[in-house]
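S.K.: Test case, fold it:
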Amino acid sequence: MGGGIIGLSLSIALHKRGLRVLVVERGEPGGEASYAAAGMLADCPLETPVALQALATASARMYPEFVLELQDESGMKVDLRDQGTLLLAPDHAEFLAQNPLPMPLTELEPALSEVKGPVAYLKERSVDPRALVAAALKAAKHREVDISSGTAATDLLLSDDRVTGIQTDRTHYSAPCVVNCAGAWAGSFSTHHFPTRPVKGQMLAVASAQHDVVCHVIRAPEVYLVPRSDGRIVIGSSLEEAGFDKRTDANTIQRLHQAAIRLVPALQEARILEDWAGLRPGTPDDLPILGATNTPGYFVATGHFRDGILLTPATAHVMAQVITGEKPDYDISAFSPLRFGCL
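M.R.: Okay, here's the model as predicted:
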């Protein structure tokens, strides 16, 4: 249940293990948080919860092989960049000193305005989530994963307290195993009410006449910039408790745009291409929900909050292991759905 990048990648991982897989998606596959994300593969200790650090680091390291496989199977190019990140975090001078710049800042990013305080260089990658989702969808179809789009799952089907399939708004599907990858909607089923909620994020993309005006991901306290290889620069992002409201607000978009211009004055001349909002799946402790429930055959992989793109390879890998009865390579006990006491 759920055809975002988590559901699509898990479907591929399960198919590799010989399972027949159906993805049921309420809208278009990859059309929600995955499509709206910035694509920073940020496993920085300053920004990653301690309990999530090991899995985040492992997932970041898996990305080159993960992308290569998707490109091979889909025949599509995924824009995975490894120029690194410039982190402006003036309150963390000790950490910044441990991650020094490889060369003067004026050489790394000539268009960056004068920065007061230290700047760290992180060997992070970034990826274009839209290209990633498109490649994952094509790779899944190439593997003959079945995909039902425009079909909202409404509940589980149970018999003798174990899963037998799902009910949708159109029909029902029989299956001995169901995985809830429904993101912000994961808690909307009557069986096992997971405490996920939508956390809105607004963003915009600009294009500058000056090519490579920004080469690195730049993260500052008030805004971040994520360049794409085609010349676009993604600017984000807000964090808003706004329910399932995906409307953008002109004032918020303007605030982000102006913050970006203060960082890189040359963006004053850049053309705004689009703005949008996405709904991240948040949880009460800001950690994902991964693993088996106490209902045989029912599993969950959701609640990735701001790290869905980053955690995709590791989530697909470890959840495929859990579902097929293998010993998982990574300890995911801290992310168990049982921790909320709602099962």
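
S.K.: CA only for contacts and neighbour counts going forward, please
M.R.: Fine.

S.K.: Distance check, the nearest residue to Ser9 once chain neighbours are set aside against Arg228.
M.R.: Nearest residue to Ser9, sequence neighbours excluded (CA to CA, 6 or more residues apart in numbering): Ala316, at 5.7 Å. Note on Ala316: its distance to Arg228, by CA to CA, to the nearest Å, is 25 Å.

S.K.: Over to Phe244?
M.R.: For Phe244, the distance to Arg228 equals 28 Å [CA to CA].

S.K.: Who has more neighbours out of these two?
M.R.: Comparing Phe244 with Arg228 by other CA atoms under 10 Å, the one with more neighbours is Arg228, at 23 against 14.

S.K.: Now do the residue nearest to Ser9, the pLDDT please.
M.R.: Among the per-residue scores, Ala316 holds a pLDDT of 98.

S.K.: What residues does it make contact with?
M.R.: 6, 9-10, 13 (CA atoms under 8 Å, 6 or more residues apart in numbering).

S.K.: check which helix or strand covers it.
M.R.: Taking DSSP states H and E as the criterion, Ala316 maps to helix 308-323.

S.K.: chain center to that helix: distance?
M.R.: Here the centre of helix 308-323 is set off from its chain's centre by 12 Å, with CA atoms, centre = their mean, to the nearest Å.

S.K.: ditto for stretch 121-138
M.R.: With CA atoms, centre = their mean as the basis, stretch 121-138 stands 9 Å off its chain's centre.

S.K.: hang on, isn't Ala38 packed against Gly236?
M.R.: Yes - Ala38 lies in contact with Gly236 (CA atoms under 8 Å); the separation is 7.5 Å.

S.K.: My impression was that Ile12 belongs to a helix - is that right?
M.R.: Yes - assessed by DSSP: H, G, I helix; E, B strand; the rest coil, Ile12 belongs to a helix.

S.K.: ok, and the closest non-adjacent residue to it?
M.R.: Excluding its sequence neighbours, the residue lying closest to Ile12 (CA to CA, 6+ apart) is Ala140, at 5.7 Å.

S.K.: What's the separation between that neighbour and Leu46?
M.R.: Computed with CA to CA, the distance linking Ala140 and Leu46 is 35 Å.

S.K.: Tell me which of the two has more neighbours.
M.R.: For Ala140 versus Leu46, neighbours defined as other CA under 10 Å are more numerous around Ala140 (25 against 11).

S.K.: Can you tell me the element that one falls in?
M.R.: Assigned by DSSP H and E, Ala140 belongs to helix 129-142.

S.K.: try Tyr121
M.R.: Using DSSP H and E, Tyr121 maps to strand 119-122.

S.K.: And for Pro64?
M.R.: Using DSSP H and E, Pro64 maps to helix 53-74.
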